[in-house]
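Student: The following comprises the amino acid sequence and a computationally predicted model.
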There are 2 protein chains.
Amino acid sequence: MQRYFLESTYTEALPSLRLTGDDYHHAVHVMRMVVGSRCYLSFRDKRTVIAEIQQITPTEVELIEISQETMEKELPCHVTLACAYTKGDKLELVAQKATELGMSELLGFSGKTSVVKWDDKKLAKKEQRLTKICKEAAEQSHRQMQPDVRLLANMATLVKELPSYDVVLVAYEESAKEGEQATFARAIAACQPGQRLLVIFGPEGGLTPDEINLLITHGGQVCGLGPRILRAETAPLYVLAAMSYQWELLANH
Amino acid sequence: MQRYFLESTYTEALPSLRLTGDDYHHAVHVMRMVVGSRCYLSFRDKRTVIAEIQQITPTEVELIEISQETMEKELPCHVTLACAYTKGDKLELVAQKATELGMSELLGFSGKTSVVKWDDKKLAKKEQRLTKICKEAAEQSHRQMQPDVRLLANMATLVKELPSYDVVLVAYEESAKEGEQATFARAIAACQPGQRLLVIFGPEGGLTPDEINLLITHGGQVCGLGPRILRAETAPLYVLAAMSYQWELLANH
């Protein structure tokens, strides 16, 4: 069943449920929904209902609520990934796959060894594109929220954000090479539901020792992700899958 | 440091270590290595040495062994992924990322709902391409072995292979939807080093109930991978990351 993310909270939307704009177009012209068709509506406050179409006007789909979605689809912690800018479409791949895997927020930043240099105009366009990818992936993977995307200028801006997270982890290839394999598992096993985690990933060339030191000074914990060297776009997926395994599967095992 | 996979075992290669063919070309013309340059040589029996170039002839790079690589880079179990054929380049993405994440072997098969239908000629070409992708990813991610790739015709052929594995898991979207979240964690937590695992994944349209029943009859255990719906190409990456987390990180935590 198709899922749509609405801009409003559930309370703000009531008493009437409506699809407009792009969602209207998608429901009516792409999915060819008709009166009586059902879909999920996910609100900004993560509440989700199953709704049925009552009427289709030239600009709005009007629906009524049938039931609430009760199964929890979101990771118990709020996980933000901060990825350094990389070449090609790697950030697009991360946006799509990380959304499927439960990411709450995607930040981008320019690392010292980032090969690509994007100006403000390019960043705004890229941010828009990544937001759209996250929205579509969230709908397809049955998420109850749509990840936020914010592309920052550089690491100085990222460092200012660090105090707003309970735990800050930094994936570091050199830690992996040295066989450091305890920090990541210890950190995520200790996380409490509702906590805010930030995990930072370097570009293809890695983070520099200066960048690592700056992040450690501001509370970051450097960690390895196993003995193999993961590409810049693979490490974020490893981290989210491991979190889901630890929090959602092992917890129920 | 660059890594090359050799066709021979360590014992077969001795007393002389040589790079020829594509590896010769890569070392001399792409990496521009010279006498005194060092690289890793990984043998078919998973032994890996650091070697130094002694001489470069028009057809061979001759090296001497400097030391053995002692750090274990491979998952403790032999993990085979069997992926149904999917549209576009998704199998290529799985081959690359799953190699980084520790896969030992990649099987392909045509599922009932597989949209693409490949003839023998196409399968042979695709198998060659995927083998090359796995080799390159294995070199880049510092693996000690290069995953095998075998593209099978259909599920009947796959079913014949099942007895050669100790554990057979089947990722099933309907299990995820029903909230089944215990089987996967229980199975991989119980795995013993050296065991052979096979994990089977359907195409975009999923496995049919008949296919699921056939696999269960032949010893497959159906399992969900958390509450979100993962795409056909994302589920294999989830599985390998969770195995690495369980076997390599949690074990050292």
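Tutor: Now that the structure is in, tell me what you want to look at.
Student: CA atoms for contacts and neighbours, from now on please.
Tutor: Will do.
Student: What is the subsequent helix or strand relative to the helix or strand of chain A with the lowest mean pLDDT?
Tutor: Comparing every helix and strand of chain A by mean pLDDT, DSSP states H and E singles out helix A:173-177 as the least confident one, with a mean of 75. As assigned by DSSP states H and E, the chain's next helix or strand after helix A:173-177 is helix A:183-190.
Student: any bit of that next one sitting next to chain B?
Tutor: Yes. Residues of helix A:183-190 are located near chain B by C-alpha under 8 Å from any C-alpha of the partner chain, namely A:Thr183, A:Phe184, A:Ala185, A:Arg186.
Student: Which residues of chain A lie near chain B?
Tutor: If contacts are counted using C-alpha under 8 Å from any C-alpha, the residues of chain A sitting beside chain B are A:72-74, A:97, A:100-102, A:140-143, A:181-186, A:225-231, A:234, A:237-239, A:241-242, A:244-245, A:248-250, A:252-253.
Student: Neighbour-wise, give me the winner out of the residues of helix A:183-190 next to chain B.
Tutor: Scoring these on neighbours with other C-alpha atoms under 10 Å in any protein chain shown, the highest-scoring entry is A:Phe184 at 25 neighbours.
Student: Surely that residue and A:Leu225 touch.
Tutor: Yes. With contacts defined as C-alpha atoms under 8 Å, A:Phe184 counts as touching A:Leu225 at a distance of 7.2 Å.
Student: Now for these two: what residues contact both?
Tutor: A shared contact of A:Phe184 and A:Leu225, defined by C-alpha atoms under 8 Å, 6 or more residues apart in numbering or on different chains, is any residue touching both; here these are B:Leu249.
Student: mind checking how far the residue most central in space within chain A is from A:Thr80?
Tutor: When chain A is reduced to its mean C-alpha position, the closest residue under C-alpha atoms, centre = their mean turns out to be A:Met103, at 3.2 Å. Note on A:Met103: its distance to A:Thr80, by C-alpha to C-alpha, to the nearest Å, is 6 Å.
Student: Help me confirm that A:Arg228 is found in a strand?
Tutor: No. When DSSP: H, G, I helix; E, B strand; the rest coil is applied, A:Arg228 is found to be coil, with no strand at that position.
Student: which residues touch it?
Tutor: With contact set as C-alpha under 8 Å, 6+ apart, A:Arg228 has these partners: A:Ala176, A:Lys177, B:Lys73, B:Glu74, B:Glu100, B:Leu101, B:Gly102, B:Ser141, B:His142, B:Arg143.
Student: is it true that the third one touches B:Met145?
Tutor: No. B:Lys73 is not in contact with B:Met145 according to C-alpha under 8 Å; the separation is 9.1 Å.
Student: If you count surrounding residues, which of those two has more?
Tutor: For B:Lys73 against B:Met145, the residue with the higher neighbour count under other C-alpha under 10 Å is B:Met145, and the figures read 26 against 21.
Student: Okay, strands next: where are they in chain A?
Tutor: With strands called from DSSP state E, chain A shows them at A:3-5, A:17-19, A:38-42, A:48-56, A:61-68, A:78-84, A:105-110, A:148-154, A:167-171, A:196-201, A:221-223.
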